[in-house]
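mind folding the following:
(2 chains)
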Protein chains: 2
Amino acid sequence: MARPTLASLATELGVSRQTISNALNAPDRVRPATLKRVLDAIEAAGYRPSAAARQLRTRRSMNLGMRLLPATDGINGSILDRFLHALTESAQAAGYRLTLFCADTDDDEVRQYEQLLHVAGLDGFVLTSSRRDDVRTRWLQEHGTPFAIFGRPWGELQRDGSARHPWVDIDGAAGTAEAVTHLVRQGHSRIGFLGWHDGGPVGDDRRAGWEHAMRASGLSEHISRLRISTPDTIAGGVSGGRKLIERDATAIVCASDSLAIGALESLRELRPRLFLPGQPAGPGLRAAVVGFDDTPVAAALGLSSVAQPVEDAARHIVRLLTYELAGYPAAGTMPDESLLLTPHVVERVPLPLAPPA
Amino acid sequence: MARPTLASLATELGVSRQTISNALNAPDRVRPATLKRVLDAIEAAGYRPSAAARQLRTRRSMNLGMRLLPATDGINGSILDRFLHALTESAQAAGYRLTLFCADTDDDEVRQYEQLLHVAGLDGFVLTSSRRDDVRTRWLQEHGTPFAIFGRPWGELQRDGSARHPWVDIDGAAGTAEAVTHLVRQGHSRIGFLGWHDGGPVGDDRRAGWEHAMRASGLSEHISRLRISTPDTIAGGVSGGRKLIERDATAIVCASDSLAIGALESLRELRPRLFLPGQPAGPGLRAAVVGFDDTPVAAALGLSSVAQPVEDAARHIVRLLTYELAGYPAAGTMPDESLLLTPHVVERVPLPLAPPA
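Below is the predicted model of the structure:
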């Protein structure tokens, strides 16, 4: 079939050329029913850039944007890859695609929002972390751009105490607190916390959960001595773990699995007897290190770790964003405006490594 | 600034309303210079769906599609997540974004191509694997859709022996062959191969590399006995590893790191003396298992593994696809139409696990 011309379309539809032109150029001048007929006809004729016609009609591309953070050591970053898979699947089930972009800084991310909205025509954004004084959420709100965020609006509350925008997050403090309870149950009392340098609000939150549970367990005396932060790497975990063990810690709660892998190594190095097979089970013998994120590496090494329900978080993010994009339809279908999910410790027994010869 | 109307734009630009309508509706009727002026003016005025105007002008969305495979055990799938990060970065450097979609089957993937081309307006696709008699590459070629593929066109050659489309791949057979050479150098001769059930052409290729190197090393006699395939999981690796060890294998080359983790476990279980620390170094003592993909789990366990240069593959994929999308510009800038990259064994010493008590 030949591509329709303005004239052939006008004849076919029994409308004026001006109406067709308006449908494409000034759609709000055309009655909705006519607009739909004209654009459907253009699309049905297989006119190639029908995405353009559809966008002009619905003002929506059915496309959401998300910044992809750089690949990491494959341990700490893997939780975000899991989130990405779940988000893509949930978005597709709701009729949306996910478009990825890279940014060097938050300011760069904001510059890209402009381009992605006005040139690529994206409908909204998913943010995978929040900060205090977040330039990104501020920009998005000021420009009325739909977005949903995996992360709490740290400190960004309105006068009545409610959040300035909807969010989903995972309660890191509850995770580290559960790790402490779990170690106390095994007989530990000198339980250290190994966090990352410049942990930001997420790191602070994980440390706060440990502190709170230490106090609740009557172990306040150890808090100031057994709290260390290092770079968030395996090497950082080794050096931080050594310091905590020298200060007599028998167990370590870590803010990440990378740190926990290092801490486990330092415990094996300095307290090899804790890991000898065939020892009578007693305090300090088992699972003396707890990581965070429950990565495949933690599973392979027999490392206990706090598992985050990122798939649930992704589903709720899509619910929030599609609800806003649909124009806040019926009040009865409104998803929770804020949702704090609870993580849980997965308990494992470390591999019985032989002591160094 | 008020949104321009057809009339105000026509006055501003000194063209007829019909010209503006044509620019949007039948751009090939408008002289290129005029078309550019009209669409630039619409965009400059901040008219919201400027993506649509741009698409109508360039017929390009600067957006590439890729099917995201479901998340796996976090071990075997992680290589594709690394590829995704590298691809997003390379695409962005070339001015393109990456849009993800999910599909249940290859036929479903093809159905989505249609929708993504004609509704979402994508420019082309990246495929992350190839098969024999691939319905997807056939559809894309028949429809003249630009695409580039990470994977060889297995068997899909033209009469002159050249491929029907450009591709990038990694030489799996070279990787498993290097693993054999590496084990022979350590004194092993009874080197088994543990592949996955229904490995397809990729699995066949990895097994062929092992066979070829066994023959080249004068070890043909072991080939038929020491070749096993199992489901591609850690549990599959344990059971397959046991069978190979019972057939007297002292070393095992694996088609994946999941299999290798299992095989290492079976070797530790049935041949614990090979892993005792402080043993005099001798044949069979070290790195008796080699995995494939060099995942973070392999690194953490001290497992040798074949490392794939997926970042190089992603860069070349973008080169191929953007060259085609740019309309095959100057012959001098043409990227290689097919590129087979060589992987390499990363050697490690397994963690000195204690024998079971």
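
how is chain A partitioned into domains?
The record, using automatic domain parsing to delimit domains, assigns chain A the ranges A:6-58, A:63-170+A:311-341, A:172-308.

of all those, which one is nearest B:Arg268?
domain A:172-308 (12.3 Å; Cβ to Cβ). Backbone N, C-alpha and C define where each C-beta goes, glycine included.

that closest one: end-to-end distance?
Using Cα to Cα, to the nearest Å, the span of domain A:172-308 from its first residue to its last is 9 Å.

what average pLDDT does that domain get?
Along domain A:172-308, the predicted local confidence has a mean pLDDT of 89.

what segments of the stretch 201-350 of chain A are strands?
With DSSP state E, counting those that start in this stretch as the criterion, the stretch 201-350 of chain A has strands at A:227-230, A:251-254, A:289-292, A:304-307, A:338-341, A:344-346.

most tightly packed of those?
Mean neighbour count (mean count of other Cβ atoms under 10 Å in any protein chain shown) peaks for strand A:251-254 among the strands of the stretch 201-350 of chain A, with a mean of 32.

circling back: can I get the strands of the stretch 201-350 of chain A in a markdown table with distance to A:Ala208?
Output for those, formatted as a markdown table (distance: least, Cβ to Cβ, whole Å):
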| stretch | distance to A:Ala208 |
| --- | --- |
| strand A:227-230 | 11 |
| strand A:251-254 | 12 |
| strand A:289-292 | 14 |
| strand A:304-307 | 14 |
| strand A:338-341 | 14 |
| strand A:344-346 | 17 |
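
circling back to that earlier point, most tightly surrounded among the domains of chain A?
Compared across the domains of chain A, domain A:172-308 shows the largest average neighbour count, a mean of 21 (mean count of other Cβ under 10 Å).

dump the strands of the stretch 201-350 of chain A into CSV; add distance to chain B as well.
Putting these into CSV (distance: least, Cβ to the nearest Cβ, whole Å) gives the following:
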stretch, distance to chain B
strand A:227-230, 18
strand A:251-254, 15
strand A:289-292, 12
strand A:304-307, 12
strand A:338-341, 18
strand A:344-346, 13
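
wait, which of these is closest to A:Ile170?
Using Cβ to Cβ, the strands of the stretch 201-350 of chain A put strand A:338-341 closest to A:Ile170, at 4.9 Å.

can you list the strands that the closest one pairs with?
Using DSSP bridges, the strands paired with strand A:338-341 are strand A:167-170 (parallel).

for the helix or strand following the partner strand, packing partners?
In the C-terminal direction, the helix or strand that comes right after strand A:167-170 (DSSP states H and E) is helix A:172-185. Where contact means 3 or more Cβ pairs under 8 Å, 6 or more residues apart in numbering or on different chains; DSSP states H and E, helix A:172-185 is packed against strand A:191-196, helix A:200-216, strand A:251-254, strand A:289-292, strand A:304-307, strand A:344-346.

between the strands of the stretch 201-350 of chain A, which one is nearest to A:Gln112?
When the strands of the stretch 201-350 of chain A are ranked by proximity to A:Gln112, the top entry is strand A:338-341, at 26.3 Å, counting by Cβ to Cβ.

run the chain-centre distance for the closest one.
The chain centroid and the centroid of strand A:338-341 are separated by 12 Å under Cα atoms, centre = their mean, to the nearest Å.

which bits of the stretch 101-250 of chain A sit near chain B?
For the stretch 101-250 of chain A, the residues in contact with chain B (Cβ under 8 Å from any Cβ of the partner chain) are A:101-102, A:116, A:118-121.

what's the helix or strand for the residue of the stretch 101-250 of chain A at minimum distance from chain B?
Nearest to chain B in the stretch 101-250 of chain A, going by Cβ to the nearest Cβ, is A:Gly121, at a distance of 2.9 Å. If you go by DSSP H and E, A:Gly121 is not part of any helix or strand.

so which elements touch the one helix or strand A:Asn22 maps to?
Assigned by DSSP H and E, A:Asn22 falls within helix A:17-25. Applying 3+ Cβ pairs under 8 Å, 6+ apart, one finds that helix A:17-25 contacts helix A:6-13, helix A:32-44, helix A:50-58, helix B:6-13, helix B:17-25.

worst mean pLDDT among those?
Ranked by mean pLDDT, these bottom out at helix A:50-58, which scores a mean of 51.

and the next helix or strand past that helix?
Moving toward the C-terminus from helix A:50-58, the next helix or strand (DSSP H and E) is strand A:63-67.

any idea of the angle that following strand forms with strand B:63-67?
The directions of strand A:63-67 and strand B:63-67 differ by 90 degrees, with axes from the mean of the first three to the mean of the last three Cα atoms, to 10 degrees as the criterion.

quick one: is strand A:63-67 near chain B?
Yes. With Cβ under 8 Å from any Cβ as the measure, strand A:63-67 is seen reaching chain B through A:Asn63.

would you mind checking the average pLDDT for that strand?
Confidence for strand A:63-67, expressed as mean pLDDT, is 96.

helices and strands around that strand, which ones?
Judged by 3+ Cβ pairs under 8 Å, 6+ apart, strand A:63-67 is in contact with helix A:78-93, strand A:97-101, helix A:106-118, strand A:124-127.

let's see it at 6 Å
strand A:97-101, strand A:124-127 (3 or more Cβ pairs under 6 Å, 6 or more residues apart in numbering or on different chains; DSSP states H and E).

got a list of what A:Leu64 touches?
With Cβ atoms under 6 Å, 6 or more residues apart in numbering or on different chains as the criterion, the residues that contact A:Leu64 are A:96, A:98, A:124, A:126.

so what's the first one scoring on pLDDT?
Among the per-residue scores, A:Tyr96 shows a pLDDT of 93.

repeat for A:Ala86
Turning to A:Ala86, the model gives it a pLDDT of 96.

excluding chain neighbours, what is closest to it?
Distances taken as Cβ to Cβ, 6 or more residues apart in numbering or on different chains put A:Ala314 closest to A:Ala86, at 3.7 Å, once the chain neighbours are dropped.

including pLDDT, could the residues of the stretch 101-250 of chain A next to chain B go into a markdown table?
Output for these, formatted as a markdown table (pLDDT from 0 to 100):
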| residue | pLDDT |
| --- | --- |
| A:Phe101 | 96 |
| A:Cys102 | 94 |
| A:Leu116 | 89 |
| A:His118 | 79 |
| A:Val119 | 76 |
| A:Ala120 | 80 |
| A:Gly121 | 83 |
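
which single one of those is nearest to B:Pro343?
The shortest gap between B:Pro343 and any of these belongs to A:Cys102, at 25.8 Å (Cβ to Cβ).

residue contacts, that closest one?
A:68, B:88-89, B:92.

which one is it nearest to, not counting chain neighbours?
For A:Cys102, ignoring the flanking residues on the chain, the nearest one in space by Cβ to Cβ, 6+ apart is B:Gln92 at 4.9 Å.

A:Leu320 now?
In this structure, A:Leu320 finds its nearest non-sequential neighbour in A:Ala148, 4.2 Å apart by Cβ to Cβ, 6+ apart.

bridged to that neighbour, which residues?
Beta-bridge pairing for A:Ala148 (DSSP bridges): A:Val126.

so what's it up against?
Residues counted as contacts of A:Ala148 (Cβ under 6 Å, 6+ apart) are A:126, A:317, A:320-321.

show me which of those residues is closest to chain B.
Sorting the contacts of A:Ala148 by distance to chain B puts A:Val126 at the head of the list, at 12.1 Å, by Cβ to the nearest Cβ.

I am finished for the moment; much appreciated.
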